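Peer 1: how would this look folded up:
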Amino acid sequence: MKQPDNMCHIYNLISNHMGKKVVVRENHGRNRFDVSEGVISEMHPHVFCVTVDSDESSKQISYSYTDVLIKDVELVFA
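Peer 2: Coordinates of the predicted model:
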């Protein structure tokens, strides 16, 4: 199945910023947002992972490229 051109653009944009800092804003609906800052650590065919360092530990969160396409997840590259 061929992916839309926008999906390929998002994949290339994220791959160009691999290993760099990014601010991730997740939309949970009804004016609820989670904002976190981390580093893009891994890329897979359908998801990418962001490593977020908190005060006590670090955790890895995965997002799909579709979430970015439909704007449930917004990325700001630092």
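
Peer 1: which helices and strands does the helix ranked longest in the chain pack with?
Peer 2: Ranked by residue count and defined by DSSP state H, the top helix of the chain is helix 5-16. The elements that helix 5-16 packs onto, with contact taken as 3 or more CB pairs under 8 Å, 6 or more residues apart in numbering; DSSP states H and E, are strand 33-43, helix 65-69. No exception for glycine: its C-beta is placed from N, CA and C like everyone else's.

Peer 1: just the ones you listed: most buried one?
Peer 2: Compared across these, helix 65-69 shows the largest average neighbour count, a mean of 18 (mean count of other CB atoms under 10 Å).

Peer 1: now whichever helix or strand comes after it: mean pLDDT?
Peer 2: Counting by DSSP states H and E, the element after helix 65-69 in chain order, helix or strand, is strand 73-77. Throughout strand 73-77, pLDDT has a mean value of 94.

Peer 1: buried residues in strand 73-77?
Peer 2: 73, 75 (16 or more other CB atoms under 10 Å).

Peer 1: strand partners of it, parallel vs antiparallel please.
Peer 2: strand 21-27 (antiparallel) (DSSP bridges).

Peer 1: quick check: mean pLDDT of the partner strand?
Peer 2: Taken as a whole, strand 21-27 has a mean pLDDT of 95.
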